[in-house]
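In: how would this look folded up:
(chains A and B)
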2 protein chains.
Amino acid sequence: MTSDPRHQVLVASNRGPVSFAFAAGGSLTGHRGGGGMVSGLTSGLAARAAEGRSDSPAVWVCAALSEADRVAARQGLVIAGEGPGDVPVLMLDIPPATFEAAYNGIANSVLWFVHHLLYDTPNQPLFGARFRADWAAYLAYNEAFAAALADQGSTGARVLIQDYHLALAPRLLRHRRPDARIAHFSHTPWAPPAYFRMLPDDVAAAILDGMLGADHLGFLAGRWADAFLDCCAEVLGAHVDRARRCVTHRGRATEVAVHPLGVDAQALRARASADDVRANAATLTAATGDRQLIVRVDRTELSKNIVRGLAAYRELLATRPQWQGRVVHVAFAYPSRSAIRSTGPTPTRLSRPRPRSTRSSARRTGSR
Amino acid sequence: MTSDPRHQVLVASNRGPVSFAFAAGGSLTGHRGGGGMVSGLTSGLAARAAEGRSDSPAVWVCAALSEADRVAARQGLVIAGEGPGDVPVLMLDIPPATFEAAYNGIANSVLWFVHHLLYDTPNQPLFGARFRADWAAYLAYNEAFAAALADQGSTGARVLIQDYHLALAPRLLRHRRPDARIAHFSHTPWAPPAYFRMLPDDVAAAILDGMLGADHLGFLAGRWADAFLDCCAEVLGAHVDRARRCVTHRGRATEVAVHPLGVDAQALRARASADDVRANAATLTAATGDRQLIVRVDRTELSKNIVRGLAAYRELLATRPQWQGRVVHVAFAYPSRSAIRSTGPTPTRLSRPRPRSTRSSARRTGSR
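Out: Numbers count the residues shown, from 1 in each chain, chains lettered A, B, ... in the order given. Predicted coordinates:
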């Protein structure tokens, strides 16, 4: 992507940089999100806004995730807060059943599990009629994003599409807006062909072809970028230049690149010396005394391998009994950010990926 | 491998070409096996014996799998039957606990699941103290084969080692007998690095290094041969020539090749017109009448995807109700050959791969 400031920048992601809640009296209050993707992109957009001019303002397109978000969505472009990077947000009021089927049925129950190699493969997934209905919803969800991006973008707009929820959007946007410069970034791993091919042939091909509607595809690590290239070669039969990381398909070239996202070391160091952190550290020290401390901090997600971490601690105590009483294991396992931040009841469809069996039972009491 | 008939040929496999049972009165009776590997290799050995001469006779080294096998093992080389290809067999009387840990604990509960991508990865496998004990047994089991092969082989012997049970044997034999020409053949898939690397680093490296003790490695399909090459490059850092399918490691080159194993079409055609087959076909036709017939035949193994096959038939009837009453699904799902052929009670340790949880319960009542 060029950084030429004359071009408008659009961002698309399932979860946006702001969420709404109903305040007392029924009015809407907005809350800025603080995840890695949101803070990284908003600071980038703020820097861009500060340094140059654009004929059209940046817009962040996301899905409405709650009833309050849906009310906000009906107001058109919304801005929460007044800080730098508080870009106008367009929330999409996608029908709840469509959102549920696309987000949980496909993105989190299928694509997330495939890319993390986390399926209990003899039993899951099943690609029956229900999967096909969910897949149709996933297409509709991606089309809603593509239509909004095509509508919001000025000529030659730069569009940054985020993650596995929106794998089809680059191609769908390309159809509508051949002038757009489209990038897609995967915040997850990418499965090798031997695993990716468990998807039905047409679905596997549609996902790869959807991604290849972009000019530029970003991955967090080289092995995931290379796995994507392998899938393009083996599933699509696309021409793949592995040395240059470039895929040619349907007459267009897409470059594939690695963009590691590190932590903000400076901010973390500053945070570590803040008063509340020091106070909590003192509490922890008082509780553990002169015992050694093993600390882990994870979201409660299957990909965090929490069970094996606890099993490893059990094995330490069993096989090195000299450590019993001399070591403390503190495991912070916390729910996803959305569940913590939500000021109202958290709908189950906002939770992080979980196996289909859990989702099935959630669905039976849900809106479908 | 050269086919020069002057060199002795040794075969090594977990299950040999013959099994023994106790006849009335306690004497031993031998039964020839008839699996694809056994019939393919025995006919090859018979052809070789017919066409040339060898200074030393061929020997097949395998594990004793039953109490009757163990009695036979104590007699040294044994020959069952008098047909061509009834090569002398050396059964190894590996201690039952060692065999159980190596065969079920490692080969079938870990390596088979890894290579078939069939783990419920958030929960299995666990690489704790019990795994380490099993791994030590797997090494001892492979060492027993390597020692027997080194002992049986004349100078320059050609050694054909079979499958994932014996991944370490090529290297262990190489240490003992640098003069041997060693081939190893994988009758299973091979996992891509992203999945193979779930093994502990030292175990993953030992398996690859063990295989690379061979001069020649055979796989059933190109993508599995290539997955092995990828693992050698990524896990071992070995020099891999993908175009020539050659790995150079520890100063030696190992060639990797694809040897598809087809069925014996001529024998199958002849079998199809045999009287008993015709009689069974007539019974099936009488039972199904003019309804369409969907037939599947599988061993009851997770890799056969039996559950999804039944789910697909259910979906056919649900989504195409016009087929109800007009189609019959006959699913032959049978236990492994060993269980069918065994004339005595079938020990659980002889069964086909199954998940570790099943194995755990079997073990609690077992010999360990």
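
In: count the neighbours of the residue of the stretch 1-150 of chain A found nearest chain B for me.
Out: The minimum distance from the stretch 1-150 of chain A to chain B, using CB to the nearest CB, falls at A:Asp120 (3.6 Å). C-beta coordinates here come from the backbone N, C-alpha and C atoms, glycine included. When neighbours are defined as other CB atoms under 10 Å in any protein chain shown, A:Asp120 has 19 of them.

In: correct me, but it touches B:Asp120?
Out: Yes. With contact defined as CB atoms under 8 Å, A:Asp120 reaches B:Asp120; the gap is 3.6 Å.

In: how about the residues of chain A near chain B?
Out: Listed as neighbours of chain B in chain A under the rule CB under 8 Å from any CB of the partner chain: A:117-123, A:126, A:128-129, A:189, A:191-195, A:223, A:227, A:234, A:302, A:305, A:307-308, A:311-312, A:315, A:318-319.

In: PyMOL command to pick out the buried ones of these?
Out: A single PyMOL command suffices to select whichever of those are buried according to 16 or more other CB atoms under 10 Å in any protein chain shown:
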select buried, chain A and resi 117+118+119+120+121+122+189+191+192+193+194+195+223+227+234+302+305+308+315
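
In: now, the residues of chain A next to chain B that are in helices?
Out: Counting by DSSP state H, the residues of chain A next to chain B place A:129, A:193-195, A:223, A:227, A:307-308, A:311-312, A:315, A:318-319 in helices.

In: run a quick neighbour tally on A:Ser66.
Out: A:Ser66: 22 surrounding residues under other CB under 10 Å.

In: next up, phi/psi of it, please.
Out: Main-chain torsions, A:Ser66, degrees, to the nearest 10: phi -140, psi 170.

In: with A:Met37 instead?
Out: Here the main-chain torsion angles of A:Met37 (degrees, to the nearest 10) amount to phi -60, psi -50.

In: for the residue located most distally from the centre of chain A, give its distance to chain B.
Out: Relative to the mean C-alpha coordinate of chain A, counting by CA atoms, centre = their mean, the farthest residue is A:Gln322 (43.4 Å). Here A:Gln322 is placed at a distance of 16 Å from chain B (CB to the nearest CB, to the nearest Å).

In: which SS class is that residue?
Out: Using DSSP: H, G, I helix; E, B strand; the rest coil, the three-state assignment for A:Gln322 comes out as helix.

In: so A:Thr29 sits in a helix?
Out: No. With three-state DSSP as the criterion, A:Thr29 is located in strand rather than a helix.

In: number of residues surrounding it?
Out: As a burial measure, A:Thr29 scores 13 neighbours (other CB under 10 Å).

In: how about the residue in the stretch 251-368 of chain A that chain B sits nearest to, nearest residue that isn't a chain neighbour?
Out: For the stretch 251-368 of chain A and chain B, the shortest gap (CB to the nearest CB) falls at A:Leu302, measuring 4.4 Å. Nearest non-adjacent residue to A:Leu302, counting by CB to CB, 6 or more residues apart in numbering or on different chains: B:Pro122, 4.4 Å away.

In: wait, what's in contact with that neighbour?
Out: If you count contacts by CB atoms under 8 Å, 6 or more residues apart in numbering or on different chains, B:Pro122 has them with A:Leu118, A:Leu302, A:Asn305, A:Val307.

In: state the phi and psi torsions of it.
Out: Listed backbone geometry of B:Pro122 is phi -60, psi -20, with angles given as degrees, to the nearest 10.

In: so for it, what's the pLDDT?
Out: At B:Pro122, the pLDDT value in this model is 90.

In: check the one 5 residues further on too.
Out: Among the per-residue scores, B:Phe127 holds a pLDDT of 92.

In: not counting sequence-adjacent ones, nearest residue to it?
Out: If you skip the residues right next to it in sequence, B:Phe127 has B:Pro200 as its closest partner in space, 5.2 Å away by CB to CB, 6+ apart.

In: list phi and psi for that neighbour.
Out: Residue torsions, per degrees, to the nearest 10, at B:Pro200 are phi -50, psi 150.

In: what distance do you get for it to chain A?
Out: For B:Pro200, the distance to chain A equals 12 Å [CB to the nearest CB].

In: quick check on the residue of the stretch 151-300 of chain A found nearest chain B: phi, psi?
Out: Shortest the stretch 151-300 of chain A-to-chain B distance, computed as CB to the nearest CB: residue-wise this is A:Pro192, at 4.1 Å. Its backbone dihedrals place A:Pro192 at phi -70, psi 160, with angles given as degrees, to the nearest 10.

In: contacts only, for it.
Out: By CB under 8 Å, 6+ apart, A:Pro192 lies in contact with A:Ala227, A:Asp230, A:Cys231, B:Pro192, B:Pro193, B:Ala194, B:Tyr195.

In: grab the nearest non-local neighbour of it.
Out: For A:Pro192, ignoring the flanking residues on the chain, the nearest one in space by CB to CB, 6+ apart is B:Pro192 at 4.1 Å.

In: from B:Leu118, how far out is that neighbour?
Out: Separation of B:Pro192 from B:Leu118 (CB to CB, to the nearest Å) stands at 14 Å.

In: do A:His7 as well
Out: A:His7 is 48 Å from B:Leu118, by CB to CB.

In: residue ranges with poor pLDDT in the stretch 1-150 of chain A?
Out: A:1-5, A:34, A:51-55, A:80-85 (pLDDT under 70).

In: okay, and A:Ala148 sits in which element?
Out: helix A:129-152 (DSSP states H and E).

In: pretty sure A:Leu212 is touching A:Gly251, no?
Out: No. Contact between A:Leu212 and A:Gly251 fails when scored by CB under 8 Å: they sit 10.9 Å apart.

In: give me the more crowded residue out of those two.
Out: Here A:Leu212 and A:Gly251 are set side by side on neighbour count (other CB under 10 Å), and the busier one is A:Leu212, at 25 against 5.

In: identify each of the helices in chain A and give its residue range.
Out: Using DSSP H, the helices of chain A run over A:36-51, A:67-73, A:96-100, A:112-116, A:129-152, A:169-176, A:193-196, A:201-211, A:222-231, A:265-272, A:275-288, A:306-319, A:337-341, A:356-364.

In: out of the ones you listed, nearest to B:Pro260?
Out: Ranking those by distance to B:Pro260, with CB to CB as the measure, places helix A:193-196 first at 17.9 Å.

In: show me what that closest one is packed against.
Out: helix A:222-231, helix B:193-196, helix B:222-231 (3 or more CB pairs under 8 Å, 6 or more residues apart in numbering or on different chains; DSSP states H and E).

In: so which bits of stretch A:244-260 are buried?
Out: Residues of stretch A:244-260 classed as buried: A:Arg245, A:Val247, A:His249, A:Thr254, A:Val256 (neighbour count, 16+ other CB under 10 Å).

In: same question for stretch A:27-44.
Out: By neighbour count on 16+ other CB under 10 Å, the buried set for stretch A:27-44 is A:Gly30, A:His31, A:Arg32, A:Gly33, A:Gly35, A:Met37, A:Val38, A:Ser39, A:Leu41, A:Thr42, A:Gly44.

In: name the nearest residue to the second one, sequence neighbours excluded.
Out: Right, the one you point to is A:His31. The spatial neighbour of A:His31 that comes closest, neighbours along the chain excluded (CB to CB, 6+ apart), is A:Ser19 at 5.4 Å.

In: now for the one you found, how many residues are close by?
Out: 26.

In: so it makes contact with A:Leu28?
Out: No. A:Ser19 lies out of contact with A:Leu28 (CB under 8 Å); the separation is 10.4 Å.

In: shared neighbours, the two?
Out: Common neighbours of A:Ser19 and A:Leu28, using CB under 8 Å, 6+ apart, are A:Ala68.

In: does A:Asp179 touch A:Val159 like I think?
Out: No. Counting by CB under 8 Å, A:Asp179 sits too far from A:Val159 to count as a contact (10.7 Å).

In: so the two - more neighbours on which side?
Out: A:Val159 (30 against 11).

In: against A:Trp323, how distant is the more buried one?
Out: Taking CB to CB as the measure, A:Val159 falls 54 Å from A:Trp323.
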